[in-house]
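J.: Sharing a sequence plus its predicted fold:
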Amino acid sequence: MALLREIQGYIRSTGMKPTVFGRAAVNDPRLVTDLKRGREPGARLSARVRAFIAAEGGR
């Protein structure tokens, strides 16, 4: 899952907690946990997450 790797890289580089990231990016504090458990993100969700990371300065 490329999206999960991107999120984990961002979280690692910023020190942001996964729940804080999920809430800030897509208003879902369980996002990262759910992705780790196999949740398949749709195109819109992936785009929103990537837009958030880009707006915050990437990694």
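T.: Received the coordinates, thanks. All values derive from a computational prediction rather than experimental measurement. Residues are numbered from 1 along each chain as shown.
J.: Quote the end-to-end distance of stretch 15-34.
T.: Its first and final residues considered, stretch 15-34 spans 19 Å by C-alpha to C-alpha, to the nearest Å.
J.: buried residues in it?
T.: By 16 or more other C-beta atoms under 10 Å, the buried positions in stretch 15-34 come out as 16, 18, 21-22, 25-26, 28-29, 31-32. (Each C-beta comes from the backbone N, C-alpha and C, glycine too.)
J.: which one of those sits closest to Gly57?
T.: For the buried residues of stretch 15-34, the minimum distance to Gly57 (C-beta to C-beta) is 12.1 Å, reached by Met16.
J.: That closest one against Ile7, yeah?
T.: No: look at Met16 against Ile7 with C-beta atoms under 8 Å: they stay out of range, at 9.8 Å.
J.: In what element of secondary structure is the most centrally placed residue in the chain found?
T.: Taking C-alpha atoms, centre = their mean, the centroid of the chain lies closest to Ile7, which sits 4.2 Å from it. Using DSSP states H and E, Ile7 falls within helix 2-14.
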